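> compute the structure for the input listed below.
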Amino acid sequence: MTRAADITVMSGGGNVHGPNRQQGSALIMVLMMVVMVGVLTLTLATLSVSNLGGARRAQQAGMALNAADAGLAQAVEYVRTEGVRALTCSPTCTGNPWGNSSTPTTVKATSDGTITTPLVARDEDVAYEVWIEKLAAWSATGPGLYRVHSVGKAGSSARREVVQDVMVAPHKFPLGIFGKSISGGGNIGVHNQSIFSTGCVSQRKLITFSGITDILNEVPPSVHSSHVITEANDKGLYCADTNKPIHSGTAAGNCNPAYPYDQDSRGGPLTDPLTSTACLGAGVGGYPQTSKIVSDADLFTMYNLTSPPLTPAQLDQLKTVAISQGNYWTSSSVWTRRPNGVNAVMYFDLLRTNPGGEVNLNDIVGFARPSGLSVDPAVCASKSLVIIVDGGNVRMNSDANLAASLFVLGDPYGNVNKINGGAKFIGTLYANTIDLKGGADLQMDECFRSNLSPALFDVETSNYRELDR
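Residues are numbered from 1 along each chain as shown. Below you'll find the predicted structure:
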């Protein structure tokens, strides 16, 4: 009995204390679950915060890259509209941040406008710094090459750097005086540039050249025709090749010491040392060792010319610029004498409403200056003028003074009827026929070359790179 009672007591005791032990175990398990849930929650929260931060940084990096690309686009637009003259001092231009690597052009892409330091202050702020490096200036032998450096910034730390190359070259129009026929006469002076023609160049002895170098083409100033150059007072598009031609069409006559650098269809190789010494070796950077131009194509290839000088697309572009500036007219008599804009484009669209109308270039105001200027900004202002006369003619006389790139287009129109009376024209000229009878000066200088209108340049981009990739 005693044993049975003891057993009963022991069993009863187990039944009394068992539930408390189970409750304790459950409490421990609950606490462990709470801890695990807390750890998981904290981990998820940490991951979420990290992911949000990473997403924000990635977003800001993308914004910074977009800002850098915007800087590139603005720099290319600067080149298209302002040209490259103000970049000759790059990378240390003191007055032009587009050409200064230390203090570049800085733009903030929010409504706050341009900012200084700090460049980016808030998470939503985006900005870029951009400048243009001059690698090579354009010349008669090749295009200019420039490199745009752009840094985009976003938020407090996102930064992306990109570069892109920009190639700049003038349209393939004649850089000089070009006419399908040219009549000399009077006392015509051509200074530091050349004359080009696909037809007759008459009265050659009355056209006087000066200057060692044709500034635009880097050859001695001279006449180049794919037809005939003659001393006769001839008329028309083509002149008789037997009436006082400057070259005889024989080996002995390939060199004319009076015009040692002229070329036409009657010339030939300058190989005989007894007859060609006067015509050889004076070209800056080399000169063709022949006085012969075989054809129009030979002339165009040799001097990088085209005729017509501008494509329809280029003319449309120039017309658009002129319209936007308020310099577009359809009359040769009713127009604004002072064109708008520092880099002005004047467009006379005469073919439909005033065909054959004559534009008097004497009336243009604001683009007269002394000739023979250097590129020194103290004497050479940054300005340019393009004049398109489509379907009409022009004249210039009575001591007029004008610096411009002039295109007189159309056939039977497109003629320079007069350029005399002491007129001074500084620049390039393309026309159907050019009458040079009378006293006039056709000038070229380094100031004009450096200020060739940006509207006459082809601008191509290449070699885009992300430097921080």
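> not counting its neighbours along the chain, what's nearest residue 180?
Nearest residue to residue 180, sequence neighbours excluded (Cβ to Cβ, 6 or more residues apart in numbering): residue 199, at 4.9 Å. Just so you know, the C-beta spots here come from the backbone N, C-alpha and C atoms, and that holds for glycine as well.
> roughly how far does the one you found sit from residue 365?
Relative to residue 365, residue 199 is positioned 34 Å away (Cβ to Cβ, to the nearest Å).
> who's more crowded, these two?
Remark: of residue 199 and residue 365, residue 199 carries more neighbours, 20 against 11, as counted by other Cβ atoms under 10 Å.
> can you pull the pLDDT of the more buried one?
Residue 199 is assigned 95 on the pLDDT scale.
> touching, it and residue 235? I think so.
No. The criterion here is Cβ atoms under 8 Å, and residue 199 misses it with residue 235 at 11.1 Å.
> what is the least confident helix or strand in the chain?
Across the helices and strands of the chain, mean confidence by mean pLDDT, DSSP states H and E is lowest for helix 273-276: a mean of 56.
> roughly how far is the helix or strand containing residue 182 from the heart of the chain?
Using DSSP states H and E, residue 182 maps to strand 177-183. Put simply, strand 177-183 sits 28 Å off its chain's centre (Cα atoms, centre = their mean, to the nearest Å).
> what's the helix or strand following that strand packed up against?
Next along the chain after strand 177-183, taking DSSP H and E as the criterion, comes strand 188-191. Under the contact definition 3 or more Cβ pairs under 8 Å, 6 or more residues apart in numbering; DSSP states H and E, strand 188-191 sits against strand 207-210, strand 440-443.
> quick one: contacts of the last one?
Just to be clear, that refers to strand 440-443. Contact with strand 440-443 is made by 177, 186, 188-193, 371-372, 396-397, 419-427, 429, as judged by Cβ atoms under 8 Å, 6 or more residues apart in numbering.
> can we see that at 7 Å?
With contact meaning Cβ atoms under 7 Å, 6 or more residues apart in numbering, strand 440-443 is reached by 177, 188-191, 193, 371, 419-420, 422-426.
> pairing partners for that strand, with directions?
strand 188-191 (parallel), strand 423-435 (parallel) (DSSP bridges).
> quick check: which of these has the most neighbours on average?
strand 423-435 (a mean of 24; mean count of other Cβ atoms under 10 Å).
> could you check how far it is from the centre of its chain?
Distance of strand 423-435 from its chain centroid, counting by Cα atoms, centre = their mean, is 24 Å.
> ok, and what's touching that strand?
By Cβ under 7 Å, 6+ apart, the list of residues contacting strand 423-435 reads 173-183, 309, 371, 396-397, 399-408, 411, 414-419, 440-445, 448.
> nearest to residue 79 among the contacts of strand 440-443?
residue 426 (24.1 Å; Cβ to Cβ).
> now the closest one: how far from residue 369?
Using Cβ to Cβ, we find residue 426 at a distance of 7 Å from residue 369.
> list the buried residues in stretch 165-175.
165-171, 173-175 (16 or more other Cβ atoms under 10 Å).
> do stretch 339-355 as well
Using 16+ other Cβ under 10 Å as the test for burial, stretch 339-355 gives 339, 341, 343-351, 354.
> taking the residues you listed together, which two end up most distant?
Taking Cβ to Cβ as the measure, the buried residues of stretch 339-355 have their most distant pair in 343 and 354, spaced 26.1 Å apart.
> appreciated, that's everything.
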